[in-house]
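# For reference, the sequence and a predicted model appear below.
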Amino acid sequence: MRQRSRGRVALAAAAAMCAVAALPGQAYAADAGYGFDPGAKTVAGAAVNTDASELTAGSVYRSTIGTGQKLYYRLNLDATTNAYVSAVVVPKAGGKVAYGDGVSISIRDGSDLRCSSGDAHFRSTDFPHPVTAYAYRTVDKDSSSCQAAGTYNVLVERESAATSSTEEWELELRYDAEPALADGQAMPTQAPTQWPSASPVPPTPATDNRRHGGAGYYDAVSLETGEWKDEIAPGQTLFYRVPVDWGQQLFTTVGLGNSTASGKNAFVGNALGLSLANPARGHVDAASPLSYSGKPGSVSLDPLPPVAYVNRLASADDVSGMRFAGWYYLAVSLSPKVAKAYGDQPFPLTLSVKVTGEAGGSPYAGDAGIFAVTKKDKDLARTGRSGPQAAADESGTMKLIGAAGVGTGTVLVLGLGAWTLLARRRAAGASAQSPYGQPPQAW
């Protein structure tokens, strides 16, 4: 009985270890549509600002906006915190959009004075795909506007051409508060005007260099410096994220492979789009779209400045957007028009990502939240896991370890009970045969 109990315990422990080893990694699959954050709260925008729903810091929301609508949401801000609200625009697949279609987002004080604004337009990539923009209220001792504590309005306005589809667009809204600067940190006074612009030596491809992009910001797959392979279908947008720390620069090139469809050399203009968003999901930059004629081609982001707090003082989005450390998001979109010329099978895709420069210290006091690069972030980038994968791994490990512990404990209790029962039976048998009640021999 004891040998069998030991065997069962060993099997239970081995099963638990095997199950932990088999936790999901790259098996997480992205849907063809946009991947909304499953924890997002549904909120309706209001046509009148006094009816607007309040957004809270650190939260994600889902909403919708119709053609020509102007919708309000509400913020309650103190006089010391920098606030950022982003809007990801998700039009329905198969619809029609024009160059100037999109939304503008702004934060306004109680007198309707605009604190800042941003826009998310489709521009040259004039096919339905997710685009993003943000607006912010930042505290500036030299400014007299948008500095007081109180109620602020977030206004999202949709613009659509008369020839565009009229269906509602979905929105994914996120509100983030920036941490306070550490004591003694001097406020910057001037934005940079020069930075290294020479493209670095291309990274060496990794041994296992296949990474499948996510369907949205929520499940964007993590990348580090390297050359990565993927596939993208016509009409699909894939999301990736790269940890970029203070003082570091990001260089990105995306290549689309040749088509294997025989006898095909049709020209598709603005076929592949590449854009970059910062940790607050604010648009930073977009590459000129790649036109496709069945042959290999690539697009690159322009050299961006190293991440620095001082970048926020620049007027250009591609400089001011590089204002925080954290995850930077790459979105790659392939036009559905490619399917008409070359079929709807996925096309080979490569991403060349390089992060250069030594990581510097954080200017913030205490925990910087999403505006930091942690050891865990670097591990996720090295292993190619997304946020949901990491959460599933941690949750699955704890559940399996707990289950293994319960199973092992159950085996031990059952074994001990069986041993005790057998010992009592042997003792009873020995007492019946011996007048002296001799105990059973040890076994």
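Perfect, thanks for sending it. The structure presented is a predicted model; accordingly, all values stated were derived computationally and were not measured.
# pretty sure residue 39 contacts residue 60?
Yes: between residue 39 and residue 60 there is a contact under Cβ atoms under 8 Å: 6.4 Å. For glycine as for every other residue, the C-beta is placed from the backbone atoms N, C-alpha and C.
# Looking at the two, which is more packed in?
residue 60 (21 against 8; other Cβ atoms under 10 Å).
# My guess is that one contacts residue 38. True?
No: the pair residue 60 and residue 38 does not pass the contact test of Cβ under 8 Å, sitting 9.5 Å apart.
# what touches both of the two?
Here residue 60 and residue 38 share the contacting residues residue 218, scored by Cβ atoms under 8 Å, 6 or more residues apart in numbering.
# residues in contact with the nearest residue to residue 199 once chain neighbours are set aside?
Leaving out its chain neighbours, the residue that sits closest to residue 199 by Cβ to Cβ, 6 or more residues apart in numbering is residue 251, at 5.9 Å. Contact analysis of residue 251 by Cβ under 8 Å, 6+ apart lists 199-200, 300-301, 303, 352-356.
# which of these tops the neighbour count?
Neighbour-wise, the contacts of residue 251 (other Cβ under 10 Å) top out at residue 355, 24 neighbours.
# going on from the lowest-mean-pLDDT helix or strand in the chain, what's the next piece of helix or strand?
The helix or strand of the chain with the poorest confidence is helix 2-21; it has a mean of 41 (mean pLDDT, DSSP states H and E). Per DSSP states H and E, helix 2-21 leads on to strand 41-42 as the next helix or strand towards the C-terminus.
# shaky segments in this protein?
Residues of the chain meeting the criterion pLDDT under 70: 1-32, 184-188, 201-202, 204-207, 262-263, 395-443.
# What segments of it are helices?
2-21, 317-320, 337-342, 375-383, 387-433 (DSSP state H).
# Go ahead and name everything in contact with the third one.
The one in question is helix 337-342. 127, 234-235, 259, 261, 264, 266, 268, 271, 292, 294, 347.
# Please pick the buried ones from the residues you listed.
Neighbour counting with 16 or more other Cβ atoms under 10 Å marks 127, 234-235, 259, 268, 271, 292, 294, 347 as buried within these.
# how far out from the middle of the chain is stretch 337-349?
Stretch 337-349 sits 26 Å away from the centroid of its parent chain (Cα atoms, centre = their mean, to the nearest Å).
# ugh, wrong one, I meant stretch 156-172
24 Å.
# And that stretch, what's buried?
Buried-residue list, stretch 156-172, by 16+ other Cβ under 10 Å: 156-158, 160, 164-165, 169-172.
# Distance to residue 245 for those - can I get that in a markdown table?
Below are those laid out as a markdown table (distance: Cβ to Cβ, whole Å):
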| residue | distance to residue 245 |
| --- | --- |
| 156 | 32 |
| 157 | 35 |
| 158 | 36 |
| 160 | 39 |
| 164 | 41 |
| 165 | 41 |
| 169 | 34 |
| 170 | 33 |
| 171 | 30 |
| 172 | 26 |
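# and the two most separated of the residues you listed?
Largest separation among these by Cβ to Cβ: 164 and 172, giving 20.5 Å.
# Please state the backbone phi and psi of residue 301?
Per-residue torsions, residue 301: phi -80, psi 140 (degrees, to the nearest 10).
# Can you verify my assumption that it contacts residue 252?
Yes: if you go by Cβ under 8 Å, residue 301 and residue 252 touch, sitting 4.8 Å apart.
# Between these two, which contacts overlap?
274, 276.
# re earlier: identify, from the buried ones among the contacts of helix 337-342, the entry nearest to residue 100.
Residue 100 has its nearest neighbour among the buried ones among the contacts of helix 337-342 in residue 127, at 14.1 Å by Cβ to Cβ.
# Check whether that closest one really touches residue 336, as I assumed.
Yes: at 5.8 Å, residue 127 counts as touching residue 336 under the criterion of Cβ under 8 Å.
# Give me the common contacts of those two.
With Cβ under 8 Å, 6+ apart as the test, residue 127 and residue 336 both reach residue 235.
# OK, contacts around the nearest residue to residue 53 once chain neighbours are set aside?
Residue nearest to residue 53 in three dimensions, not counting chain neighbours: residue 43, with 4.9 Å by Cβ to Cβ, 6+ apart. Going by Cβ under 8 Å, 6+ apart, residue 43 touches 53, 55, 61-63, 73, 173.
# ok, of those, which come out buried?
55, 61-63, 73, 173.
# Next, format those as a markdown table and append distance to residue 378.
Shown next, in a markdown table, are these (distance: Cβ to Cβ, whole Å):
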| residue | distance to residue 378 |
| --- | --- |
| 55 | 31 |
| 61 | 30 |
| 62 | 31 |
| 63 | 34 |
| 73 | 35 |
| 173 | 29 |
